[in-house]
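> got a predicted structure plus its sequence, pasted below:
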Amino acid sequence: MSSFKENDFQKIIEGRHAVHDFDPAVKINRTELTQMITESISAPSALNVQPWRIVIVDSPEAKAKIKPLMPANAHQNETASALVFFFADLKAAENAQDIYDQTVKAGKMPQEVSDHLVTIIKNVYDEMPTSALVATFTLDVALPAMQFMLIARAHGYETGPMTGFDHDKIAAALDLDPTRYVPVLLVAIGKAAQLSAGSVRLPAEKILSFR
């Protein structure tokens with residue numbers, strides 16, 4: 001059961017602005033954080049490989065450990081209820097068999113189609129250069145990350161996305177294999193101590209063309 005506090009999608013979209021100053025007194029329990037992640041990972045991914053790995057940092061000890069790795073965003077570390085790291089799992093294709101077995105079991109796909117797709121996934125990702133794999137999975141992981149920011153607003157929270165952290169050291173600091181997990185985005189979440197004034201976007205006419 002969802003605990004959405006806001007169901008007006010227009011308000012969710014138009015009211016979303018990056019927050020840099022959170023109320024440090026506000027805590028979000030792990031049950032609700034898990035629920036928000038569950039809602040976020042309904043996002044699509046190429047061939048449904050779901051190459052995301054998410055680490056939520058909400059304990060004082062873990063925050064202190066990674067604080068030196070995000071000096072430009074230390075204030076968010078200190079004040080946000082939680083820091084949500086989205087990583088790309090370069091070995092995500094290893095989960096394909098399990099994903100497609102569950103798909104068949106749920107009655108959403110015949111076995112022969114599942115077998116065919118698992119073979120395609122293995123062939124495609126086994127042969128893909130690491131640079132292409134990182135690019136592909138980064139795009140996939142960005143989708144649940146964006147969805148998380150909107151879902152957070154539906155739950156009554158604000159977020160601040162950032163890439164200002166040590167990308168070379170963060171995986172190991174969070175007990176992940178840095179050769180397997182590539183950081184994509186960090187999203188701070190909590191209640192805003194001070195709402196952002198927002199920012200300006202170029203008009204659609206400036207960046208849009210029809211053919």
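Perfect, thanks for sending it.

> from the contact counts, what lies against the helix or strand harbouring Ile56?
Using DSSP states H and E, Ile56 falls within strand 52-57. Judged by 3 or more CB pairs under 8 Å, 6 or more residues apart in numbering; DSSP states H and E, the packing partners of strand 52-57 are helix 30-40, strand 82-89, helix 130-154. The C-beta positions use only the backbone N, C-alpha and C, and glycine is treated the same way.

> that one vs helix 130-154, what angle?
Between the axes of strand 52-57 and helix 130-154, defined by axes from the mean of the first three to the mean of the last three CA atoms, to 10 degrees, the angle is 50 degrees.

> strand 52-57 vs helix 30-40, what angle?
On the basis of the same axes, to 10 degrees, strand 52-57 is oriented at 160 degrees to helix 30-40.

> sheet-wise, list the partners of strand 52-57 with their directions.
Sheet pairing of strand 52-57 (DSSP bridges) gives strand 82-89 (antiparallel).

> name the surrounding residues that touch the partner strand.
With contacts defined as CB atoms under 8 Å, 6 or more residues apart in numbering, strand 82-89 is touched by 28, 33, 37, 51-58, 63, 66, 76-77, 134, 137-138, 140-142, 144-145, 148, 170-171, 174, 176, 180-190.

> in PyMOL, select just the buried ones from those.
A single PyMOL command selects the buried members of the contacts of strand 82-89 (16 or more other CB atoms under 10 Å):
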select buried, resi 28+33+37+51+52+53+54+55+56+57+58+63+66+76+77+137+138+140+141+142+144+145+148+170+171+174+176+181+182+183+184+185+186+187+188+189+190
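
> ok so, going back, include distance to Leu117 and mean pLDDT when you put the helices and strands packed on strand 52-57 into TSV, please.
Listed next are the helices and strands packed on strand 52-57 as TSV, based on distance: least, CB to CB, whole Å; pLDDT from 0 to 100:
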stretch	distance to Leu117	mean pLDDT
helix 30-40	24	98
strand 82-89	19	99
helix 130-154	16	98
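
> just tell me which of those ends up closest to Asp21.
strand 82-89 (14.6 Å; CB to CB).

> ok, now how distant is Val118 from Asp166?
According to CB to CB, to the nearest Å, Val118 stands 36 Å off from Asp166.

> which one of the two has more residues nearby?
More crowded of Val118 and Asp166, by other CB atoms under 10 Å: Val118, with 18 against 14.

> ok, the more buried one touching Tyr100?
Yes - at 5.2 Å, Val118 counts as touching Tyr100 under the criterion of CB atoms under 8 Å.
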